[in-house]
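Student: Okay, predicted coordinates and the sequence, questions at the end:
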Amino acid sequence: MKKVNSFLVLVICICFSSVPVFAQLTSSQIDVLMESALTKFNVAGASIAVVKDGKIIHLKGYGEASVETKKAVNENTNFQIASNSKAFTTTALSILEDEGKLKWTDKVRDYLPEFKMYNDYVTENFNIQDLLTHRSGLGLGVGDLMFFPDGSNFTIKDVLTSFQYFKPVSAFRTKFDYDNLLYVVAGEVIARVSGMSYEEFVQKRIIAPLQMNNTFVGSSLIKDKSNFAVPHSSESGTIKTIDGFGDQINAAAGGIFSNAADMAKWMTVRLNKGQYGEDSKARLFSLKNHNEMWRIHTVQESDQNPRYNFHFNGYGLGWQVSDEKGNLKVSHTGGLPGMLSIVTMYPDLNLGIVILTNTENGGAGLFSAVSNTISDSYLGLDDFGWTDKLVEWMKEDRNTGDDVTKKVWEKVKLAKNVKIKKEDFIGVYADKWFGEIEVFEKNKQLWFKSYRSPKLNGPMAFYNANTFAVKWEYQGMNCDAFAMFSLDENGKAQSIKMKGISPNIDFSFDFHDLDLTRVR
C-alpha cells in the first residue's frame, strides 16, 4: 500500500566516481544482473519489463512465484503492486476532471460531507489534490494501523471521520509526509462521482481500454490465481512464504494486482502522454492532466550529489518527480508484506523500467540495484556496482536494527521473575480512531488484543518500569511494540502509549499515534 521510502534513503548515499561510462545494457546482461540480484538479496522471485521508444526491449520473469510449489515466475505472473496503484487513482480522477465531473480544486466536503480534518479551516479548505500530495499536515503513515496488519473491520465511515483525532505535525500544505488513508478517501470520491465502485471504475475506464488483460483492481474479480506470486519473508535468513495481504475498503491506496507484461503497457501510455491504441489515436487522459500529474505539487529536498546532478525533487499526483543528469525522472515504489515494486520512467529518454518482487525485505534492494544499474547505462554513467553496495548497506542497516531488538528481548528475559500486579493493568482501553483494545490474563501472563484488528494480539512481557514488550502472534512483518502504561496515585493503569521496538519497523505500524485510555 505504501511507498517504500525508509530503505531508499540508503540509495542516495553514494559517491562520485570517475570510472569510464558503460554501454546500455543488453537483454542478456539484464538476465545476468537479475539472476545475480535474486541470489544476493535472497529473493524468491521477480519480473521486469523495460520499454524504450515505445517498444518492449526486455520482458521476463525470474525465480519462483512460491518456494513451496517451485512454480517459476514469468512475464505474466501477477504481483501486488501496492502503492504503484496510486497512479491509477490519480489517472481515474484525471478522467473525471477531463469529463467535467469534478475539478482538482473542488473541496472534498462537496462530495463527502462526513469528511472531517483536525480543525475547521483545514476541513473546509481541503481539496481533491490535497488528498493526493501528502501535504495534509499529518505525520508519516498516520492511521495506517487501521489496515496494517490486514484483516481489520474498519469502514470508509471510520476513515472519513478519523482525521479529526490525529495531531498535526506541520502546518497544512507546508511539508511532505507520506499518507495512505487520504488515497482511500480519494477512492471514495471516485465512487460517489462516477456512480460505480472505485474498483469497477478503474477496471472499466483504465485497465480494459489499455488491454491490461491480466490486471485486477482488488481480488474480487480474480477467478484464476494459478499464476500469482506468493509473498515471502527472508527475515529469519531463510526464505519463507507468508500470508498475503487481503483487500481493504477500496484499492485506491495500494490494491491492484498486475504483472510485468501489463505494466509495460501502462508505462507506454504514460510515456506517450496519455495516448494509446493503434497509431496512438486514442487518449486516456488529456495532455493538460498529463502535465498536472507530472507537475511537482509538494516540494521535497533534493540530494546534491554530483553523480546525478539533481536539481529538483517533489511529489506530483501519484508520482515522485525529480531529475537526473538533466533528464526528468518520474517514479514510484510500492510495498506490502512480501510484495515490493518500482516503476521508473525517464520521459526525455522515452525509457521505462518496472520491477516486481515477492520477498520482504530483499525485494527493495533488488529493485533498487537493478533499476539503478539499467538507468545508469542510459544516463551515460559508470557501472557503480549497485548490487554489491546495496547488499552491504542493507546488511549494516539490518544489523543495527537487530542489535536493538535483541537487547530488548534479552532485557525482557532477565526481568522474567519481576513480580507485577497484573490486576493493575488488566482492563479495556480505547483510542478515538482505533477503537477498543483489551489487556487481559492468559496462561498466567498479560495479553494484548485489539477488538478491531484481530492480528494485533499477543503476550505482553515486563520490560522496565511501567513498560511491557508485546510479541504479536502476527509475524508477517517485524512490528513488535512497546506498551507504556501511565498509573494513577494508587498504581492503577489509566492509559497506554505505544511505539515500535525495532528502529526498522515499517512506518505503517503507527503505534505512536495511539492514545489509549482506560474505559472499563
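Tutor: Here it is on my side, so go on. Residues are numbered from 1 along each chain as shown.
Student: ranges for the helices of the protein?
Tutor: Assigned by DSSP state H, the chain shows helices spanning 27-40, 86-98, 120-125, 156-162, 181-194, 198-202, 260-271, 287-293, 362-379, 386-414.
Student: Please name whichever of those is nearest to Ala493.
Tutor: Set against Ala493 and scored by Cβ to Cβ, the helices of the chain come closest in helix 386-414, at 18.8 Å. (C-beta placed from N, C-alpha, C; glycine too.)
Student: So which elements touch the closest one?
Tutor: helix 27-40, helix 362-379, strand 457-464, strand 467-470 (3 or more Cβ pairs under 8 Å, 6 or more residues apart in numbering; DSSP states H and E).
Student: Quick one: residues contacting Leu131.
Tutor: 108, 182-183, 185-186, 189 (Cβ atoms under 8 Å, 6 or more residues apart in numbering).
Student: Pick out whichever of the residues you listed sits closest to Pro231.
Tutor: Tyr183 (21.1 Å).
Student: Skipping adjacent residues, who's closest to that closest one in space?
Tutor: Spatial nearest neighbour of Tyr183, chain neighbours left out: Ala253 (3.9 Å); criterion: Cβ to Cβ, 6 or more residues apart in numbering.
Student: Next: Trp472.
Tutor: When the adjacent residues along the chain are set aside, Trp472 lies closest to Gly458, with 4.2 Å between them (Cβ to Cβ, 6+ apart).
Student: cool, and Phe310?
Tutor: Nearest one to Phe310, counting by Cβ to Cβ, 6+ apart, is Ser302 at 4.7 Å.
Student: ok, that neighbour to Thr155 distance?
Tutor: 40 Å (Cβ to Cβ, to the nearest Å).
Student: before we move on, what about Lys442?
Tutor: Per Cβ to Cβ, Lys442 is found 29 Å from Thr155.
Student: In JSON lines: the helices and strands packed on helix 386-414, plus mean neighbour count, distance to Met117 and mean pLDDT.
Tutor: Listed next are these as JSON lines, based on neighbours: other Cβ atoms under 10 Å; distance: least, Cβ to Cβ, whole Å; pLDDT from 0 to 100:
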{"stretch": "helix 27-40", "mean neighbour count": "17", "distance to Met117": "43", "mean pLDDT": "97"}
{"stretch": "helix 362-379", "mean neighbour count": "25", "distance to Met117": "32", "mean pLDDT": "97"}
{"stretch": "strand 457-464", "mean neighbour count": "18", "distance to Met117": "31", "mean pLDDT": "97"}
{"stretch": "strand 467-470", "mean neighbour count": "21", "distance to Met117": "31", "mean pLDDT": "98"}
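Student: Nearest approach to Arg307 belongs to which of the ones you listed?
Tutor: Distance to Arg307, taken as Cβ to Cβ, is lowest for helix 362-379 among the helices and strands packed on helix 386-414, at 8.9 Å.
Student: Between helix 27-40 and that closest one, find me the angle.
Tutor: 150 degrees (axes from the mean of the first three to the mean of the last three Cα atoms, to 10 degrees).
Student: what's helix 362-379 packed up against?
Tutor: helix 27-40, strand 45-52, strand 327-336, strand 339-346, strand 351-357, helix 386-414.
Student: Check the offset of it from the chain's centre.
Tutor: Taking Cα atoms, centre = their mean, to the nearest Å, the mean C-alpha location of helix 362-379 is offset from the chain mean by 18 Å.
Student: do stretch 278-289 as well
Tutor: The answer for stretch 278-289 is 29 Å, by Cα atoms, centre = their mean.
Student: Residues touching it, excluding its own?
Tutor: With Cβ under 8 Å, 6+ apart as the test, stretch 278-289 has contacts from 91, 94-95, 97-98, 206, 209-210, 269, 272-276, 293.
Student: Now the buried members of those residues.
Tutor: With burial judged by 16 or more other Cβ atoms under 10 Å, the buried subset of these is 91, 94-95, 97, 206, 210, 269, 272-276, 293.
Student: Can you tell me which of those lies closest to Asn78?
Tutor: Leu210 (15.8 Å).
Student: returning to what we had before: take the helices of the chain and write them to TSV, including distance to Val321.
Tutor: As requested, the helices of the chain are exported to TSV (distance: least, Cβ to Cβ, whole Å):
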stretch	distance to Val321
helix 27-40	26
helix 86-98	12
helix 120-125	24
helix 156-162	27
helix 181-194	17
helix 198-202	22
helix 260-271	13
helix 287-293	9
helix 362-379	15
helix 386-414	22
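Student: between those, which gets nearest to Gln248?
Tutor: For Gln248, the closest of the helices of the chain is helix 181-194, at 7.3 Å, according to Cβ to Cβ.
Student: Report the inter-axis angle for the closest one versus helix 86-98.
Tutor: 40 degrees.
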